[in-house]
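> Predicted model and sequence below, questions to follow.
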Amino acid sequence: MQCLPVELIQKKQTMNTARFRVLQITDPHLFANSGSTLMGINTSVTLDEVLAKIQKDYQELDCLLVTGDLTHDDSEASYRHLKEKLMAIDAPNYWLPGNHDQPHLMEAINPSAMQKQIILGNWQIVLLNTQVAGKIHGYLSETELELLDSCLQQNPDRHTLLAFHHHPAPINSRWMDQIMLENPDDLARIIFRHNNIRGIIHGHVHQARQYRFCDLPVMATPSTCVQFAPGADEFLADTRQPGFRVLDFFPNGQLESHVVRVRQEPMNVDSKSNGY
Ligand SMILES: [Fe+2]
(Lines give C-alpha, C1' and ligand atoms only; values in the text may rest on other atoms or scores of the structure.)
Protein backbone atom coordinates (compact mmCIF):
# COMPACT_ATOMS: atom_id res chain seq x y z
CA MET A 1 0.00 0.00 0.00
CA GLN A 2 1.17 3.54 -0.71
CA CYS A 3 1.59 5.54 2.46
CA LEU A 4 2.69 8.84 0.99
CA PRO A 5 -0.21 11.30 0.86
CA VAL A 6 -1.71 12.16 -2.47
CA GLU A 7 -2.44 15.86 -2.76
CA LEU A 8 -5.37 16.85 -4.93
CA ILE A 9 -4.78 20.51 -5.57
CA GLN A 10 -4.83 20.84 -9.31
CA LYS A 11 -8.38 22.18 -9.57
CA LYS A 12 -8.30 24.59 -6.66
CA GLN A 13 -6.60 27.95 -6.61
CA THR A 14 -6.89 29.28 -3.08
CA MET A 15 -6.50 26.33 -0.82
CA ASN A 16 -7.67 27.77 2.46
CA THR A 17 -10.90 29.13 1.01
CA ALA A 18 -11.69 26.18 -1.26
CA ARG A 19 -14.64 23.84 -0.80
CA PHE A 20 -14.29 20.21 -1.78
CA ARG A 21 -16.81 17.62 -2.84
CA VAL A 22 -16.14 13.93 -2.26
CA LEU A 23 -18.47 11.03 -3.06
CA GLN A 24 -18.57 7.70 -1.24
CA ILE A 25 -19.79 4.51 -2.85
CA THR A 26 -19.62 1.30 -0.86
CA ASP A 27 -20.17 -2.47 -0.89
CA PRO A 28 -20.59 -2.99 -4.65
CA HIS A 29 -20.06 -6.79 -4.22
CA LEU A 30 -19.09 -7.36 -7.86
CA PHE A 31 -18.54 -10.78 -9.41
CA ALA A 32 -16.23 -12.05 -12.14
CA ASN A 33 -19.34 -12.82 -14.16
CA SER A 34 -21.26 -9.60 -14.62
CA GLY A 35 -24.48 -11.63 -14.93
CA SER A 36 -24.20 -12.96 -11.35
CA THR A 37 -26.63 -11.86 -8.66
CA LEU A 38 -26.61 -11.30 -4.90
CA MET A 39 -29.99 -12.06 -3.31
CA GLY A 40 -31.55 -11.77 -6.74
CA ILE A 41 -29.93 -8.40 -7.51
CA ASN A 42 -27.43 -7.99 -10.35
CA THR A 43 -24.70 -6.03 -8.59
CA SER A 44 -23.03 -4.97 -11.83
CA VAL A 45 -26.26 -3.40 -13.11
CA THR A 46 -27.01 -1.53 -9.88
CA LEU A 47 -23.45 -0.15 -9.73
CA ASP A 48 -23.85 1.03 -13.33
CA GLU A 49 -27.05 2.85 -12.29
CA VAL A 50 -25.27 4.54 -9.40
CA LEU A 51 -22.34 5.60 -11.60
CA ALA A 52 -24.72 6.90 -14.29
CA LYS A 53 -26.45 9.08 -11.67
CA ILE A 54 -23.07 10.39 -10.50
CA GLN A 55 -22.00 11.14 -14.08
CA LYS A 56 -25.25 12.96 -14.75
CA ASP A 57 -25.68 15.00 -11.57
CA TYR A 58 -22.28 15.21 -9.84
CA GLN A 59 -19.69 16.30 -12.35
CA GLU A 60 -17.68 18.64 -10.10
CA LEU A 61 -15.96 16.09 -7.93
CA ASP A 62 -12.60 16.14 -6.17
CA CYS A 63 -12.49 12.39 -5.59
CA LEU A 64 -14.58 9.27 -5.10
CA LEU A 65 -14.04 6.77 -2.27
CA VAL A 66 -14.96 3.08 -2.41
CA THR A 67 -15.19 1.85 1.17
CA GLY A 68 -14.97 -1.92 1.01
CA ASP A 69 -16.60 -5.14 -0.16
CA LEU A 70 -15.64 -4.26 -3.70
CA THR A 71 -15.90 -7.91 -4.68
CA HIS A 72 -18.18 -10.75 -3.65
CA ASP A 73 -16.28 -13.68 -5.16
CA ASP A 74 -12.65 -12.70 -4.45
CA SER A 75 -11.87 -12.73 -8.16
CA GLU A 76 -9.28 -10.67 -9.98
CA ALA A 77 -11.85 -10.09 -12.71
CA SER A 78 -14.30 -8.44 -10.29
CA TYR A 79 -11.67 -5.82 -9.36
CA ARG A 80 -10.92 -5.23 -13.04
CA HIS A 81 -14.62 -4.67 -13.66
CA LEU A 82 -14.71 -2.06 -10.90
CA LYS A 83 -11.62 -0.28 -12.20
CA GLU A 84 -13.08 -0.17 -15.71
CA LYS A 85 -16.48 1.06 -14.55
CA LEU A 86 -14.90 3.86 -12.49
CA MET A 87 -13.03 5.15 -15.55
CA ALA A 88 -16.35 6.77 -16.49
CA ILE A 89 -16.04 9.13 -13.52
CA ASP A 90 -13.94 12.25 -14.10
CA ALA A 91 -12.20 12.21 -10.70
CA PRO A 92 -9.61 10.01 -8.99
CA ASN A 93 -10.99 7.08 -7.00
CA TYR A 94 -9.55 5.51 -3.87
CA TRP A 95 -10.25 2.06 -2.45
CA LEU A 96 -10.10 0.49 0.99
CA PRO A 97 -10.86 -3.16 1.81
CA GLY A 98 -13.89 -4.70 3.49
CA ASN A 99 -14.35 -8.17 4.89
CA HIS A 100 -15.03 -9.62 1.42
CA ASP A 101 -11.89 -8.22 -0.19
CA GLN A 102 -8.43 -9.42 -1.20
CA PRO A 103 -6.13 -6.44 -0.52
CA HIS A 104 -3.25 -7.95 -2.52
CA LEU A 105 -5.49 -8.11 -5.61
CA MET A 106 -6.71 -4.55 -5.07
CA GLU A 107 -3.10 -3.40 -4.88
CA ALA A 108 -2.07 -5.42 -7.93
CA ILE A 109 -4.93 -4.25 -10.12
CA ASN A 110 -5.23 -0.61 -9.09
CA PRO A 111 -2.18 0.49 -7.07
CA SER A 112 -2.88 4.20 -7.48
CA ALA A 113 -6.25 3.72 -5.73
CA MET A 114 -4.65 2.32 -2.58
CA GLN A 115 -3.82 5.58 -0.83
CA LYS A 116 -3.95 5.92 2.93
CA GLN A 117 -4.05 9.71 3.11
CA ILE A 118 -5.63 12.19 0.71
CA ILE A 119 -4.93 15.91 1.13
CA LEU A 120 -7.62 18.35 -0.02
CA GLY A 121 -6.53 21.88 0.88
CA ASN A 122 -6.91 22.27 4.62
CA TRP A 123 -8.64 18.88 4.85
CA GLN A 124 -7.28 15.34 4.86
CA ILE A 125 -9.00 11.99 4.47
CA VAL A 126 -7.39 9.02 6.22
CA LEU A 127 -8.37 5.62 4.83
CA LEU A 128 -7.94 2.70 7.21
CA ASN A 129 -8.00 -1.05 6.75
CA THR A 130 -10.26 -2.76 9.31
CA GLN A 131 -10.15 -6.17 7.62
CA VAL A 132 -9.25 -9.33 9.55
CA ALA A 133 -8.30 -11.96 6.97
CA GLY A 134 -10.90 -14.70 6.78
CA LYS A 135 -13.28 -13.03 9.28
CA ILE A 136 -16.41 -10.91 8.91
CA HIS A 137 -15.86 -8.61 11.88
CA GLY A 138 -13.36 -5.76 11.81
CA TYR A 139 -10.24 -4.83 13.78
CA LEU A 140 -7.81 -1.92 13.63
CA SER A 141 -4.28 -3.26 13.84
CA GLU A 142 -1.52 -1.42 15.66
CA THR A 143 -0.11 -0.41 12.27
CA GLU A 144 -3.38 1.23 11.21
CA LEU A 145 -3.80 2.97 14.57
CA GLU A 146 -0.24 4.32 14.40
CA LEU A 147 -0.81 5.55 10.86
CA LEU A 148 -3.94 7.40 11.96
CA ASP A 149 -2.19 8.89 14.97
CA SER A 150 0.68 10.08 12.81
CA CYS A 151 -1.59 11.62 10.10
CA LEU A 152 -3.43 13.55 12.82
CA GLN A 153 -0.27 14.60 14.63
CA GLN A 154 1.52 15.76 11.47
CA ASN A 155 -1.49 17.76 10.24
CA PRO A 156 -2.91 19.47 13.33
CA ASP A 157 -4.30 22.34 11.24
CA ARG A 158 -6.07 20.08 8.75
CA HIS A 159 -9.67 19.05 9.31
CA THR A 160 -9.88 15.27 9.02
CA LEU A 161 -12.39 12.71 7.77
CA LEU A 162 -11.80 9.05 8.65
CA ALA A 163 -12.97 6.33 6.28
CA PHE A 164 -13.04 2.58 6.92
CA HIS A 165 -15.34 -0.38 6.33
CA HIS A 166 -16.75 -1.66 9.64
CA HIS A 167 -19.03 0.26 12.01
CA PRO A 168 -17.26 1.49 15.16
CA ALA A 169 -20.36 1.43 17.41
CA PRO A 170 -23.51 -0.71 17.65
CA ILE A 171 -26.32 0.25 15.28
CA ASN A 172 -29.10 -1.56 17.15
CA SER A 173 -29.06 -4.58 14.84
CA ARG A 174 -28.03 -7.74 16.69
CA TRP A 175 -26.56 -9.73 13.79
CA MET A 176 -24.70 -6.71 12.43
CA ASP A 177 -23.40 -5.64 15.82
CA GLN A 178 -21.72 -9.04 16.19
CA ILE A 179 -19.60 -8.23 13.13
CA MET A 180 -18.69 -4.59 13.86
CA LEU A 181 -15.23 -3.19 14.62
CA GLU A 182 -13.95 -5.29 17.49
CA ASN A 183 -11.65 -2.72 19.09
CA PRO A 184 -13.49 0.62 19.07
CA ASP A 185 -11.77 1.58 22.34
CA ASP A 186 -8.38 1.60 20.61
CA LEU A 187 -9.80 3.93 17.98
CA ALA A 188 -11.39 6.12 20.65
CA ARG A 189 -8.04 6.46 22.42
CA ILE A 190 -6.46 7.95 19.27
CA ILE A 191 -9.47 10.16 18.54
CA PHE A 192 -9.41 11.71 22.02
CA ARG A 193 -5.72 12.57 21.62
CA HIS A 194 -6.55 15.01 18.80
CA ASN A 195 -9.06 17.72 18.06
CA ASN A 196 -8.92 17.87 14.26
CA ILE A 197 -11.28 15.01 13.31
CA ARG A 198 -14.62 16.19 11.90
CA GLY A 199 -16.34 12.92 11.01
CA ILE A 200 -16.23 9.23 10.14
CA ILE A 201 -17.71 7.38 7.15
CA HIS A 202 -18.05 3.62 6.75
CA GLY A 203 -19.77 0.89 4.73
CA HIS A 204 -20.51 -2.74 5.75
CA VAL A 205 -24.02 -2.18 7.15
CA HIS A 206 -25.71 -1.64 3.74
CA GLN A 207 -27.98 1.12 5.03
CA ALA A 208 -27.99 4.87 5.59
CA ARG A 209 -27.42 5.88 9.21
CA GLN A 210 -26.15 8.85 11.16
CA TYR A 211 -25.00 8.51 14.73
CA ARG A 212 -22.17 9.60 17.00
CA PHE A 213 -18.96 7.97 18.20
CA CYS A 214 -16.59 9.83 20.54
CA ASP A 215 -18.75 12.93 19.97
CA LEU A 216 -18.06 12.75 16.23
CA PRO A 217 -20.68 12.42 13.50
CA VAL A 218 -20.58 8.96 11.94
CA MET A 219 -22.22 8.29 8.60
CA ALA A 220 -23.07 4.86 7.19
CA THR A 221 -23.86 4.68 3.51
CA PRO A 222 -26.19 2.44 1.48
CA SER A 223 -24.59 -0.24 -0.66
CA THR A 224 -24.61 0.20 -4.41
CA CYS A 225 -26.50 -3.13 -4.52
CA VAL A 226 -28.60 -4.86 -1.81
CA GLN A 227 -29.61 -3.08 1.43
CA PHE A 228 -29.99 -4.61 4.91
CA ALA A 229 -33.03 -3.83 7.03
CA PRO A 230 -32.29 -1.35 9.85
CA GLY A 231 -32.84 -2.65 13.38
CA ALA A 232 -33.10 -6.32 12.38
CA ASP A 233 -32.01 -8.90 14.98
CA GLU A 234 -31.38 -11.59 12.36
CA PHE A 235 -30.17 -11.18 8.80
CA LEU A 236 -32.85 -9.44 6.76
CA ALA A 237 -32.54 -7.84 3.35
CA ASP A 238 -34.33 -4.57 2.64
CA THR A 239 -36.18 -3.39 -0.44
CA ARG A 240 -34.69 0.11 -0.28
CA GLN A 241 -32.81 1.29 -3.34
CA PRO A 242 -29.04 1.43 -3.96
CA GLY A 243 -27.35 4.73 -3.27
CA PHE A 244 -24.23 6.72 -2.49
CA ARG A 245 -23.14 9.57 -0.20
CA VAL A 246 -22.20 13.15 -1.07
CA LEU A 247 -19.75 14.90 1.28
CA ASP A 248 -19.02 18.63 1.11
CA PHE A 249 -15.95 19.91 2.97
CA PHE A 250 -15.88 23.58 3.91
CA PRO A 251 -12.70 25.51 4.75
CA ASN A 252 -13.90 26.25 8.31
CA GLY A 253 -14.13 22.52 9.10
CA GLN A 254 -17.84 22.22 8.48
CA LEU A 255 -18.84 18.90 6.91
CA GLU A 256 -22.17 18.54 5.11
CA SER A 257 -23.46 15.24 3.79
CA HIS A 258 -26.48 13.55 2.30
CA VAL A 259 -27.42 10.24 0.68
CA VAL A 260 -28.68 9.96 -2.89
CA ARG A 261 -30.65 6.91 -4.10
CA VAL A 262 -31.22 5.60 -7.59
CA ARG A 263 -34.49 4.08 -8.87
CA GLN A 264 -37.97 4.91 -7.62
CA GLU A 265 -39.47 1.46 -7.14
CA PRO A 266 -38.56 -0.92 -4.26
CA MET A 267 -35.85 -3.50 -5.00
CA ASN A 268 -37.01 -7.00 -5.87
CA VAL A 269 -34.76 -8.79 -3.35
CA ASP A 270 -34.90 -12.56 -2.94
CA SER A 271 -36.49 -12.78 0.53
CA LYS A 272 -35.69 -16.52 0.80
CA SER A 273 -32.02 -15.71 1.02
CA ASN A 274 -30.80 -16.21 4.58
CA GLY A 275 -27.49 -14.41 4.56
CA TYR A 276 -24.79 -12.96 2.40
FE1 LIG B 1 -20.97 -5.58 2.22
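Now that the structure is in, tell me what you want to look at.

> Hmm, residue 91 and residue 20 touching each other?
No. Between residue 20 and residue 91 there is no contact under CB atoms under 8 Å: 10.8 Å. Glycine gets a C-beta too; all of them are placed from N, C-alpha and C.

> Out of these two, name the residue with the larger neighbour count.
Neighbours per residue, other CB atoms under 10 Å: of residue 20 and residue 91, the larger number sits with residue 20, 23 against 18.

> For the more buried one, give the beta-bridge partners.
residue 249 (DSSP bridges).

> Spell out which residues sit in contact with it, please.
Applying CB atoms under 8 Å, 6 or more residues apart in numbering to residue 20 gives the contacts 12, 62, 120-121, 123, 248-249.

> shared neighbours, residue 20 and residue 91?
What both residue 20 and residue 91 touch, as defined by CB under 8 Å, 6+ apart, is the set residue 62.

> residues near residue 134, how many?
6.

> Please name the residues that touch the residue nearest the centre of the chain.
Centrality entry for the chain: nearest residue to the mean C-alpha point is residue 67, 2.4 Å, by CA atoms, centre = their mean. Residue 67 is in contact with 24-27, 96, 98, 163-165, 201-203, 221, counting by CB under 8 Å, 6+ apart.

> In helices, which of the residues you listed fall?
Among the contacts of residue 67, no residue falls in helices (DSSP state H).

> Which of those residues sits closest to residue 129?
Using CB to CB, residue 96 comes nearest to residue 129 of the contacts of residue 67, at 6.1 Å.

> right, and the closest one touches residue 68 too?
Yes. Between residue 96 and residue 68 there is a contact at 5.8 Å, judged by CB under 8 Å.

> rewinding a little: among the contacts of residue 67, name the ones in strands.
24-25, 96, 163, 201-202 (DSSP state E).

> I only care about those that end up buried; give me the PyMOL line for that.
Remark: buried members of the ones in strands among the contacts of residue 67, expressed as a PyMOL selection using 16 or more other CB atoms under 10 Å:
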select buried, resi 24+25+96+163+201+202
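
> Looking at the ones in strands among the contacts of residue 67, which one is closest to the ion?
Taking CB to the ion as the measure, the ion sits nearest to residue 202 out of those, at 10.8 Å.

> so what's the closest one up against?
So residue 202 contacts 26, 67, 163-168, 218-221 (CB under 8 Å, 6+ apart).
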